[in-house]
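S.K.: With the sequence up front, the predicted model follows.
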Amino acid sequence: EELSPVLSINNIEVVYDEVIQVLRGVSIDVPQGQIVTLLGPNGAGKSTTLKAISGLLKTENGEVTKGDISFMGQRIDSKSAEDVVRDGIFQVMEGRRIIEDMTVIENLKLGAYTRSDNEINQDIEMVFQYFPRLKERTGLAGYLSGGEQQMLAIGRAMMARPKMICLDEPSMGLSPLLVKEVFGIIEKINKEQGITMLLVEQNANYALKAADYGYIMEGGKIVLDGTKEQLLNNEDVKEFYLGGG
Ligand code: ATP
């Protein structure tokens, strides 16, 4: 069956500093309510793709020079980062970017900066239900472990009440046990809250298990895409991305 995409990237090219072309015609569809993963080696252009979605290219002198990006039927490729958040897409950046000299609760409240309703405290409790150990951490966020900081970054994204969360390498720097835990929670949030997820990863094993559909990017192009099952059973994917398994 054809699922209509909530996010649609059509043949985009991205250039940094007016001359460095990094994306060379990338198309990605993310269906409503699904987890889609974007895999590929270092430097393939995965983070650049996320920055193109979230309006963050301008801060690095990058630009979408061709193609377009639509979210819920609306063009977003020339919007500011803040407008993209207001449209319902929240990005969890690589390296987590939590504010170390603020508390967990202060960090969570930052995620709600575009909201003006009075259910923010209620949503903090909702985040603590997914990440119970964050509730016990009353000190500054800088004292959290790497795994806890990743959890806080995801919780902060949830505080925006987004329709879609883009995650840039949530497994980075985490032990295999923690990666498993964090991905399990990502799946749970997707199922229970209906939040669509785009998951950028180098760790193909875990990402494909959590995802419904995957794309593989190399050298600024999509070289392969398919359902979780198709990719997990593909010989090239097994050899180059799943450790020869
Ligand atoms: P990684 O996992 O290392 O983040 P990636 O697949 O996410 O890899 P990008 O970070 O998108 O890849 O980088 C793709 C290419 O674009 C790399 O060659 C990188 O050097 C280049 N690049 C990224 N950001 C900039 C920038 N601000 N200015 C110029 N070149 C950049």
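M.R.: Happy to help now that I have it. Keep in mind it's a predicted model, so treat the numbers as computed, not measured.

S.K.: This structure: strands as residue ranges?
M.R.: 5-16, 20-31, 35-39, 62-71, 74-75, 89-92, 164-168, 196-201, 213-218, 221-227 (DSSP state E).

S.K.: Dump those strands to a markdown table, plus mean neighbour count, distance to the ligand and mean pLDDT.
M.R.: In short, each C-beta sits where N, CA and C put it, glycine included. Below are these laid out as a markdown table (neighbours: other Cβ atoms under 10 Å; distance: least, Cβ to the nearest ligand atom, whole Å; pLDDT from 0 to 100):
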| stretch | mean neighbour count | distance to the ligand | mean pLDDT |
| --- | --- | --- | --- |
| strand 5-16 | 19 | 4 | 97 |
| strand 20-31 | 18 | 4 | 98 |
| strand 35-39 | 26 | 9 | 98 |
| strand 62-71 | 18 | 6 | 97 |
| strand 74-75 | 10 | 22 | 96 |
| strand 89-92 | 26 | 13 | 95 |
| strand 164-168 | 25 | 7 | 97 |
| strand 196-201 | 25 | 7 | 97 |
| strand 213-218 | 22 | 7 | 98 |
| strand 221-227 | 16 | 12 | 97 |
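
S.K.: Now distance to E181 too, for these, in JSON lines please.
M.R.: Listed next are those as JSON lines, based on distance: least, Cβ to Cβ, whole Å:
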{"stretch": "strand 5-16", "distance to E181": "27"}
{"stretch": "strand 20-31", "distance to E181": "24"}
{"stretch": "strand 35-39", "distance to E181": "16"}
{"stretch": "strand 62-71", "distance to E181": "30"}
{"stretch": "strand 74-75", "distance to E181": "35"}
{"stretch": "strand 89-92", "distance to E181": "16"}
{"stretch": "strand 164-168", "distance to E181": "15"}
{"stretch": "strand 196-201", "distance to E181": "15"}
{"stretch": "strand 213-218", "distance to E181": "21"}
{"stretch": "strand 221-227", "distance to E181": "25"}
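
S.K.: chain center to stretch 89-105, what's the gap?
M.R.: Relative to its parent chain, stretch 89-105 has a centroid offset of 13 Å by Cα atoms, centre = their mean, to the nearest Å.
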